[in-house]
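S.K.: below is the sequence, then the predicted model.
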Amino acid sequence: MQPVMIVTGGSQGIGAAIARLAGARGYAVALTYQTSRDRAEAVAAEITAGGGRAIAVQAEMADEASILALFHRVDATFGPLTVLVNNAGTPGPAGKIDAITAAVLDAVLAVNVRAPFLLIREAVARMATDRGGGGGAIVNISSRAAELGGANEWIQYAASKGALDSLTIGAAKELGPRGIRVNAVSPGLIQTELHARSGLPDRLERLLPGVPMGRVGSAEEVAQAVLWLASDEASYISGAIVPISGGR
């Protein structure tokens, strides 16, 4: 059977790169978007034009009903899920900790922490061997911010990714006996639109001196690591958090 992958937040940046590479490697891909319908459909069309299968699904990561609808759509369109990639995330506005609001915290934690819990729950219902599934893999997209702390910029984002790292480790231990591997990648400074969209257009240039390899990474480099973790080549790897950061 054709393997099936869900990539949340797949309309741009790292998510789009993962979706494209998955399609090229034979996965049927369901990529989600919140508002960027045209961009998401363009990624799906690119996969289809290359001979693959893909759909773009509007999904609100902060809404449980929307997450459930996503899985029902994938069930009906592609069949049993093989890989879940929890990529969708939001940093919230840049700023210092004494300016943070409850509304910002709620929004960041809903997308970056609560949604992965709910997505994993639904993936387990379909993949776990003790529930009739064939096993599978989950890859969470974390961030080096989880260890670096995000001071003076995105402490709320860093804290949410720290929670995602803990979820990765715990879920790997719980789900290993049930046929599901759980890992994460932890990107550092990656060339995407995230920085400009968040009001920090010079962020990569400003932080580049702290990267031992002397360059920023690409979304495609992150995608390659994700597809490897999802593959049989990583069949004995679970609970790992792989830094993709040029040594930073």
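M.R.: The structure has been received and is ready for your questions.
S.K.: where does pLDDT dip in this protein?
M.R.: Counting by pLDDT under 70, the chain contains low-confidence residues at 195-196, 198-199.
S.K.: in it, which residue is most central in space?
M.R.: Asn87 (1.6 Å; Cα atoms, centre = their mean).
S.K.: list the pairing partners of the longest strand seen in the chain within its sheet, with orientation.
M.R.: Assignment by DSSP state E gives strand 180-187 as the longest strand of the chain. Strand pairing for strand 180-187, using DSSP bridges, gives strand 136-141 (parallel), strand 241-244 (parallel).
S.K.: list the buried residues in that strand.
M.R.: Ile180, Arg181, Val182, Asn183, Ala184, Val185, Ser186, Pro187 (16 or more other Cβ atoms under 10 Å). All C-beta spots, glycine's among them, are computed from the backbone N, C-alpha and C.
S.K.: let me have those residues in TSV, extended by distance to Arg215.
M.R.: Putting the buried residues of strand 180-187 into TSV (distance: Cβ to Cβ, whole Å) gives the following:
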residue	distance to Arg215
Ile180	35
Arg181	30
Val182	30
Asn183	25
Ala184	23
Val185	18
Ser186	17
Pro187	14
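S.K.: wasn't Gly247 part of a helix?
M.R.: No. Gly247 sits outside any helix when classified using DSSP: H, G, I helix; E, B strand; the rest coil, being coil.
S.K.: can you report how many residues neighbour it?
M.R.: 10 (other Cβ atoms under 10 Å).
S.K.: likewise Gly176?
M.R.: Gly176 sits with 13 neighbouring residues when counted by other Cβ under 10 Å.
S.K.: same check, this time on Phe78
M.R.: There are 22 residues near Phe78, going by other Cβ under 10 Å.
S.K.: from Gly170, how far out is it?
M.R.: Phe78 is 28 Å from Gly170, where distance means Cβ to Cβ, to the nearest Å.
S.K.: show me the contacts for the residue nearest to Gly13 when sequence neighbours are not counted.
M.R.: Of all residues not flanking Gly13 in the chain, Thr192 sits nearest, at 3.8 Å (Cβ to Cβ, 6 or more residues apart in numbering). Contact analysis of Thr192 by Cβ atoms under 8 Å, 6 or more residues apart in numbering lists Gln12, Gly13, Ile14, Ala219.
S.K.: what's the answer for Glu147, then?
M.R.: Glu147 neighbours (Cβ under 8 Å, 6+ apart): Gly162, Ser186.
S.K.: now the residue with the largest distance to the centre of the chain: how far from Asn152?
M.R.: The outermost residue of the chain, judged against the average C-alpha position, is Asp98 (28.6 Å), by Cα atoms, centre = their mean. Distance of Asp98 to Asn152, given as Cβ to Cβ: 11 Å.
S.K.: now Gly188
M.R.: For Gly188, the distance to Asn152 (Cβ to Cβ) stands at 17 Å.
S.K.: who has more neighbours, these two?
M.R.: Neighbours per residue, other Cβ under 10 Å: of Gly188 and Asn152, the larger number sits with Gly188, 21 against 10.
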